[in-house]
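Enquirer: Sharing a model that was predicted from the sequence below.
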Amino acid sequence: MHIDREQQRRVYARLVDGFRAGATEGVEQRWQWLMAAHIIGQMDFRLHVHSHVVMLAFAAKTGDWPEVGGQLIRLALVPLGHLVGRLPTGNIGRATVNAFQPMPLSMELQQLIGEARLAAVAKPARNSAETSS
């Protein structure tokens with residue numbers, strides 16, 4: 001499903017807001033929000049960088065040092081990926097997966113993205129997630 005850039009940003013903001021609002025959720029559930037945000041934002045350079053910055057900060061906060069290292073590598077690869085147009089569709093952006101591998105969407109990610117799209121159409125997000133970390 002094609003979405004325009006403004007809608008993409010609203011959906012992305014909804015997903016990042018969901019991650020932030022879920023501070024009492026488990027770590028893996030919060031990663032679901034971030035992975036969904038990465039999928040939506042990865043074709044937009046600013047959103048793509050932002051998604052990895054938020055992932056890096058969350059990995060550091062949770063003490064997941066292999067993920068921290070993976071996010072640092074991904075942050076370094078983002079500009080190159082955009083320059084050469086090698087951005088694998090559906091990739092979740094985690095250090096646990098190949099950075100160059102396209103991936104099918106899990107049912108949970110499809111649901112999160114679908115709900116964020118509906119919410120973004122109904123009412124714009126309350127803040128601009130792509131400019132805050």
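Expert: Structure received. Numbering: from 1, shown residues only.

Enquirer: and the next element down the chain from the longest helix along the chain?
Expert: For the chain, the longest helix by residue count, based on DSSP state H, is helix 65-84. Per DSSP states H and E, the first helix or strand lying C-terminal to helix 65-84 is helix 107-122.

Enquirer: quick revisit: can you pull out the residues in contact with the longest helix of the chain?
Expert: With contacts defined as Cβ atoms under 8 Å, 6 or more residues apart in numbering, helix 65-84 is touched by 45, 48-49, 52-53, 55-56, 59-60, 86-87, 93-96, 99. Bear in mind the C-beta positions are built from the backbone N, C-alpha and C, glycine included.

Enquirer: Greatest separation within those residues: which pair is it?
Expert: Checked with Cβ to Cβ, the contacts of helix 65-84 reach their widest spread between A60 and R86, with 26.9 Å between them.

Enquirer: From L112, how far off is the residue nearest the centre of the chain?
Expert: In the chain, the C-alpha closest to the average C-alpha coordinate belongs to H38, at a distance of 2.1 Å (Cα atoms, centre = their mean). Noted for H38: a distance of 12 Å to L112, by Cβ to Cβ, to the nearest Å.

Enquirer: I92 too?
Expert: Counting by Cβ to Cβ, the separation of I92 from L112 is 12 Å.

Enquirer: So the two - more neighbours on which side?
Expert: L112 (24 against 21; other Cβ atoms under 10 Å).

Enquirer: what's the nearest residue to the more buried one if we skip its chain neighbours?
Expert: A36 (4.3 Å; Cβ to Cβ, 6 or more residues apart in numbering).

Enquirer: The one you found: neighbour count?
Expert: 31.

Enquirer: now for the strand or helix carrying it, which elements pack on it?
Expert: Per DSSP H and E: A36 is located in helix 27-41. Helices and strands touching helix 27-41, by 3 or more Cβ pairs under 8 Å, 6 or more residues apart in numbering; DSSP states H and E, are helix 5-21, helix 45-61, helix 107-122.

Enquirer: so of the ones you listed, which one's packed in deepest?
Expert: Across the helices and strands packed on helix 27-41, averaging neighbours per residue (mean count of other Cβ atoms under 10 Å) puts helix 5-21 on top, at a mean of 21.
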